[in-house]
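[1] Need coordinates for the below:
(2 chains, ligands or ions: 2)
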Amino acid sequence: MEDILRLERVSKVYKPNIRALEDISFRVAKGEFIFITGPSGSGKSTLLNLIFRAEKPTSGEIFFEGRPLSSFSRKEIPYLRRKIGFVFQDFKLLENRTVFENVAISLEIQDIPEGEIKYRVLKILKRLGLEGKESQLVRQLSGGEKQRVALARAVINRPRLLLADEPTGNLDARRTEEVMEIFEDLNAEGTTIILATHDQSLFVDSHRRVLVLDEGRLLNP
Amino acid sequence: MRKLFSRAAKEFRTTPGTYIAATLIIALGLTVFSFFGLMYFNLIHFTEQIARELVLNVYLAPKTDPVITQKLINEIEKNQLVAQVSFVPSTKVLEELKHLFEDQELVKDIKPDFLPPVLLVSFKDPFLALNKLKDFSEYLSQKKGVLKVQFAQSWLVKLANIKKFLEIFSVSGLFLVGLATIFVISLVVRLSLAQRQKELEVLSLVGATPGFIQNPLIFLSGLQGLLASGISLTLVYFLKTYLDKAIKGFFPGFTGSLLFWEKWQLISLTLGVVLLCVTASYGASRRYLRY
Ligand SMILES: Nc1ncnc2c1ncn2[C@@H]1O[C@H](COP(=O)(O)OP(=O)(O)O)[C@@H](O)[C@H]1O
Ligand SMILES: [Mg+2]
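    Ligands and ions are numbered 1, 2, ... in the order given. As a prediction, the model looks like this:
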């Protein structure tokens, strides 16, 4: 199967000398759903940030759909990001805006008519169980609701690749199960998913591929 | 273009208070700058004007042959420092005298033939000519038909010093005020964007292009600069017209009204402010984007 993502000997060193990632190589096929796990500080978030081009690797190269990320100019990066959804660990939601505005932002930045935006936002909110919450301010929401708003914003563009950083970190067992079901559904619809988590219970019973990070190194390439 | 306007309008509506307050602060800074600048330039101009009125008086012997007088006038006019020579005949001198004395009895018997006619010599730039002026007056006093040469050298020296002081004062003062204004403007633009830091970051992360995010902000900043310039220059203009009325007749040498900024100065000041706002906003917003 064709690769959507390929990493070749990727390293990331933060100043002064923090080796967050060392010599990481792996491939992800189109339509795959993989987990990245490892203890806190092992480099999971850093790895997702590099794939999203929120940061640049110190050495090595990342290929998205065959094209090296280092070849994307400042003006091209936005178009790359529209193909990659990211559920941030800290959500990165605008607390003083409504749920609707937070999700619609992904569409407003493109030339999409208002009517279509409204239709698609309400549809995704309904799917994620946020129906009726659209005009609430994000700061009034619970952690679990914020998590789902962040997910809604990440997937509304129908990204080819979805990156999720600890997407169940704020959820109780029941909510966790609900969110994981949504990921499974999205994957069934064809979205490639990379999910970073320190919670082993999310994947122990699944047949999914699991990459294990420890102190920036991949234990099972 | 229409899209830019509508997005800028939307952007304005998110924090209208901040935009208005920032515009007023910028306008205030500019008002201080342009008002002080204007006052300095007027003071310098004023000293020059006074100096120009201090002319060289060349007293001629009464009944000097008109041919000799004309020759003298021609010679003085040839000097490059000289702006104008005017001849005041004895009869005119008498008239002035009569004007001065209330008691007409005193001047009744004076015959114009006994009064020395005067040549009034004014200079293009009395400050520049100051050293040469002394030599020139000494030279003139040797001339045939010349009784006495008189000029207000001590006054000119004092005025020249005042002008020099004003120039140093205004250059350094304007430099400081200008620096403070630049600092205030870029700080205000920066601070109003710092409020939006999170939003700019989020926009860049969900795939907005740098132009999409920055263009409305830069456009609004430019507009702020333009508005602020308009407000402050109008304010300074009204201040000037008020001062014109208020100081009328204070100084005998001062006839006209105060100088205002010339057109090219107004335009370059406005352009400079707009440019400053635009670059400050570009630089500040760029820092919050994550590409
Ligand atoms: N921006 C940064 N600057 C410096 N060090 C960082 C930065 N981000 C992460 N690190 C360091 O890199 C290592 C990996 O961090 P991270 O990727 O967040 O791990 P994880 O997500 O697995 O908990 C940690 O030692 C962390 O302190
Ligand atoms: Mg992390």
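[2] Count the residues that sit near residue 65.
    The chain I'm using is chain A. Burial of residue A:65 is recorded as 14 neighbouring residues (other CB atoms under 10 Å in any protein chain shown). Glycine gets a C-beta too; all of them are placed from N, C-alpha and C.
[3] wait, chain B
    Counted with other CB under 10 Å, residue B:65 comes out at 12.
[4] how near is it to residue B:149?
    To residue B:149, residue B:65 is 19 Å away according to CB to CB, to the nearest Å.
[5] Ok, residue A:3 next?
    Remark: distance between residue A:3 and residue B:149 (CB to CB) = 101 Å.
[6] who's more crowded, these two?
    residue B:149 (19 against 16).
[7] Nearest residue to the most centrally placed residue in chain B in space, ignoring adjacent ones along the chain?
    The centroid of chain B falls nearest to residue B:41 when counting by CA atoms, centre = their mean (3.0 Å). Residue nearest to residue B:41 in three dimensions, not counting chain neighbours: residue B:259, with 6.1 Å by CB to CB, 6 or more residues apart in numbering or on different chains.
[8] distance of that neighbour from residue B:149?
    Look at residue B:259 and residue B:149: by CB to CB, they are 33 Å apart.
[9] For the closest residue to ligand 1 within the stretch 51-200 of chain B, report the pLDDT, please.
    The stretch 51-200 of chain B approaches ligand 1 most closely through residue B:197 (16.5 Å), counting by CB to the nearest ligand atom. With respect to pLDDT, residue B:197 has a value of 91.
[10] and it, how many neighbours?
    That count, for residue B:197 with other CB under 10 Å as the rule, works out to 13.
[11] show me the residues around the nearest residue to it once chain neighbours are set aside that make contact.
    Spatially, and ignoring its direct neighbours in sequence, residue B:197 is nearest to residue B:288 (4.8 Å; CB to CB, 6+ apart). Shown in contact with residue B:288 (CB atoms under 8 Å, 6 or more residues apart in numbering or on different chains): B:193, B:196, B:197, B:200, B:201, B:204.
[12] wait, doesn't residue A:218 sit right on residue A:24?
    Yes. Counting by CB atoms under 8 Å, residue A:218 touches residue A:24, with 5.4 Å between them.
[13] Output the below-cut-off pLDDT ranges for chain A.
    A:1, A:221 (pLDDT under 70).
[14] so where do the strands sit in it?
    Ranges of strands in chain A, per DSSP state E, are A:3-14, A:18-29, A:33-37, A:59-64, A:67-68, A:84-87, A:161-165, A:192-196, A:210-214, A:217-218.
[15] Select, out of those, the one closest to residue A:152.
    Nearest of the strands of chain A to residue A:152, taken as CB to CB: strand A:84-87 at 9.6 Å.
[16] Could you report the neighbour count for residue B:158?
    The tally of other residues near residue B:158 (other CB under 10 Å) stands at 13.
[17] how close does residue B:140 get to chain A?
    For residue B:140, the distance to chain A equals 75 Å [CB to the nearest CB, to the nearest Å].
[18] mind checking the SS state of that residue?
    Following DSSP: H, G, I helix; E, B strand; the rest coil, residue B:140 is assigned to helix.
[19] Same check on the one 3 residues further on?
    Residue B:143 carries the three-state label coil when classified by three-state DSSP.
[20] For the stretch 51-200 of chain B, what lies in contact range of chain A?
    Selection of the stretch 51-200 of chain B residues close to chain A by CB under 8 Å from any CB of the partner chain yields B:198, B:199.
[21] how deep is the residue of chain B found nearest ligand 1 tucked in, by neighbour count?
    In chain B, no residue comes nearer to ligand 1 than residue B:290, which is 11.8 Å away by CB to the nearest ligand atom. Residue B:290: 16 surrounding residues under other CB under 10 Å.
[22] residues touching it, list them.
    Applying CB under 8 Å, 6+ apart, the residues contacting residue B:290 are A:54, B:201, B:204, B:205.
[23] helix/strand/coil for it?
    Classification of residue B:290 using three-state DSSP returns coil.
[24] Buried residues in the lengthiest helix in chain A, which are they?
    With secondary structure taken from DSSP state H, chain A has its longest helix at helix A:173-188. Neighbour counts using 16 or more other CB atoms under 10 Å in any protein chain shown place A:175, A:176, A:179, A:180, A:182, A:183, A:186, A:187 of helix A:173-188 among the buried residues.
[25] So what angle separates the directions of it and strand A:33-37?
    Orientation check (axes from the mean of the first three to the mean of the last three CA atoms, to 10 degrees): helix A:173-188 against strand A:33-37 gives 130 degrees.
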